[in-house]
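> Whatever this is, show me its structure:
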Amino acid sequence: MKINKIGLIAVVLIVFVLLGFSLSCKPHQLSYFPVQKDPQKQLLLLQFGGILFIDNDGYLRVKAPKGKDYSPALVIWPYGYSWKIENNKISIVNEKGQAIMRVGDTVTLGGGFIPGYFVNEITSFPLPADAVGPYFEANP
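Predicted coordinates for the structure are as follows:
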């Protein structure tokens, strides 16, 4: 059986195009999404803002807007918060099930900075060793 070279080349090109398209459309994956294990009894009053992004290790952080100089903070989300992929972007969902922000948004969060040892006390899953601070405990 003789294979049509043009047909074979066309099939190979289509496979590469489809494979490349599917790889380019994948959003960054989160490797750790820390959520407080209990509802907060008292709220922290600091306001913190910047751009919500996923770092190279898969941690959701807030980085300083232009003109500000501080390290990107790993957010410890309020009890009941989660995430979902919506329109090929990761959205943060509040305890009522509403998408309230997306990766890439400029955000302002209420809460406060906390030491690393405290993260394990307030979350259900231990902090990975490579998830370095600073850490920001967000209010609902």
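> who's in contact with the residue nearest the centre of the chain?
Closest to where the C-alpha atoms of the chain average out (Cα atoms, centre = their mean) is residue 60, at 3.4 Å. The contact partners of residue 60, taken as Cβ atoms under 8 Å, 6 or more residues apart in numbering, are 30, 33, 52-54, 74-75, 83, 90, 92, 103. From N, CA and C alone the C-beta is placed, and that goes for glycine too.
> try 7 Å
30, 33, 52, 54, 75 (Cβ atoms under 7 Å, 6 or more residues apart in numbering).
> Residue 82 versus that one, what's the distance?
From residue 60 across to residue 82, the span is 12 Å (Cβ to Cβ, to the nearest Å).
> could you pull out the helices for the protein?
For the chain, the helices defined by DSSP state H cover 5-24, 116-122.
> what's the neighbour count on residue 95?
As a burial measure, residue 95 scores 13 neighbours (other Cβ atoms under 10 Å).
> thought it was touching residue 40?
No. With contacts counted by Cβ atoms under 7 Å, residue 95 stays clear of residue 40, the gap being 11.4 Å.
> Common neighbours of these two, please.
In contact with both residue 95 and residue 40: residue 79, using Cβ under 7 Å, 6+ apart.
> ends of stretch 61-70, how far apart?
12 Å (Cα to Cα, to the nearest Å).
> Can you check the pLDDT for residue 43?
Looking at residue 43, its pLDDT stands at 70.
> same check, this time on residue 67
Looking at residue 67, its pLDDT is 66.
> Report the contact partners of residue 114.
Contacts for residue 114 (Cβ under 7 Å, 6+ apart) come out as 135, 137.
> Hmm, residue 133 is touching residue 118, no?
No. Using Cβ under 7 Å as the test, residue 133 is too far from residue 118 to be in contact (10.4 Å).
> Ranking helices and strands of the protein by mean pLDDT, which lands last?
In the chain, no helix or strand scores lower on mean pLDDT, DSSP states H and E than helix 5-24, which sits at a mean of 42.
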